[in-house]
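> give me a model of this one.
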Amino acid sequence: AIPYPLRFRVRKPPASRRLVGQNSGMSFRITALDPAPFRSLFALDDAALAAAGARRVVADAKPGFPCRVSLADAEPGDTLILVNYEHLRGDTPYRATHAIYVRENAVRAEPAPGEVPEVLRRRLLSVRAYGTDQMMRDADVIDGEDAAATLTRMFADPEVAFVHLHNAKPGCYAARANRA
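Reported below is the predicted structural model:
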């Protein structure tokens, strides 16, 4: 059980403990969203998208439009759908949805165990660890460069089943991490 209220902090481990980049060999794997549930949205016109609570957008900057399927920032000119996504389902007080971007024709990213994609490393992240009961066990706000060390620390707790990563400023869901 976690003490209430949760204490959120931004901390930076010493450089000697900081794990960045790819294939750090850690005990987690970040998973991207499956593109299948989103493909049909690209065939809808703008009125139908609006009726579904979604919007078509064209990236006009990089970074700024992080795709949750490719786990990469869209290139300027890329078409994306901005849609609400339920990333924590079930009977839990933490049930949650938020807006996400999905890039047209995105291929699902498959990061290696211990790999933290650049789209996450370059952002301020809110990291939330949950147990099998979908109750929060730990939470932190971190520099994305510290994601590998934070995930490793969180998964050291045997009560942690999975971790959600969110872009801290806008609050949107970014990815899920599971034990490798």
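> contact partners of the helix or strand hosting Ile100?
Secondary structure assignment for Ile100, by DSSP states H and E: strand 96-103. For strand 96-103, the external contacting residues (C-beta atoms under 8 Å, 6 or more residues apart in numbering) are 33, 35, 38, 41, 57, 65-70, 74, 78-88, 166, 170-173. In this view, the C-beta of every residue, glycine as well, is placed from N, C-alpha and C.
> quick one, longest helix in the protein?
helix 147-155 (DSSP state H).
> those strands in the chain, which residues are they?
28-31, 55-58, 66-67, 72-73, 79-88, 96-103, 124-130, 136-143, 162-167, 173-179 (DSSP state E).
> centre of the chain to the fifth one, how far?
What that stands for is strand 79-88. How far strand 79-88 lies from its chain's middle: 12 Å, per C-alpha atoms, centre = their mean, to the nearest Å.
> check the third one too.
In terms of C-alpha atoms, centre = their mean, the centre of strand 66-67 is found 9 Å from the chain centre.
> quick one: average pLDDT of it?
The average pLDDT for strand 66-67 rounds to 98.
> mind giving me the packing neighbours of that strand?
strand 72-73, strand 96-103 (3 or more C-beta pairs under 8 Å, 6 or more residues apart in numbering; DSSP states H and E).
> hmm, back to that, ok, which of the strands of the chain comes nearest Glu115?
strand 28-31 (6.9 Å; C-beta to C-beta).
> and the closest one, how far from the chain's centre?
Taking mean C-alpha positions (C-alpha atoms, centre = their mean), strand 28-31 and its chain are 10 Å apart.
> ok, back up a step: in a markdown table, list the strands of the chain along with mean neighbour count.
Listed next are the strands of the chain as a markdown table, based on neighbours: other C-beta atoms under 10 Å:
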| stretch | mean neighbour count |
| --- | --- |
| strand 28-31 | 21 |
| strand 55-58 | 14 |
| strand 66-67 | 26 |
| strand 72-73 | 20 |
| strand 79-88 | 17 |
| strand 96-103 | 19 |
| strand 124-130 | 21 |
| strand 136-143 | 18 |
| strand 162-167 | 22 |
| strand 173-179 | 21 |
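> closest to Val116 out of those?
Among these, strand 28-31 comes nearest to Val116, with 6.6 Å by C-beta to C-beta.
> partners of the closest one, with directions?
Strand 28-31 has the following sheet partners, assigned by DSSP bridges: strand 173-179 (antiparallel).
> so which residue of the chain lies furthest out from the middle?
When distances are taken from the C-alpha mean of the chain, Ala47 lies farthest, 28.3 Å away, according to C-alpha atoms, centre = their mean.
> mind putting the helices and strands packed on strand 66-67 into a markdown table with mean pLDDT?
What follows is these, written out as a markdown table (pLDDT from 0 to 100):
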| stretch | mean pLDDT |
| --- | --- |
| strand 72-73 | 98 |
| strand 96-103 | 96 |
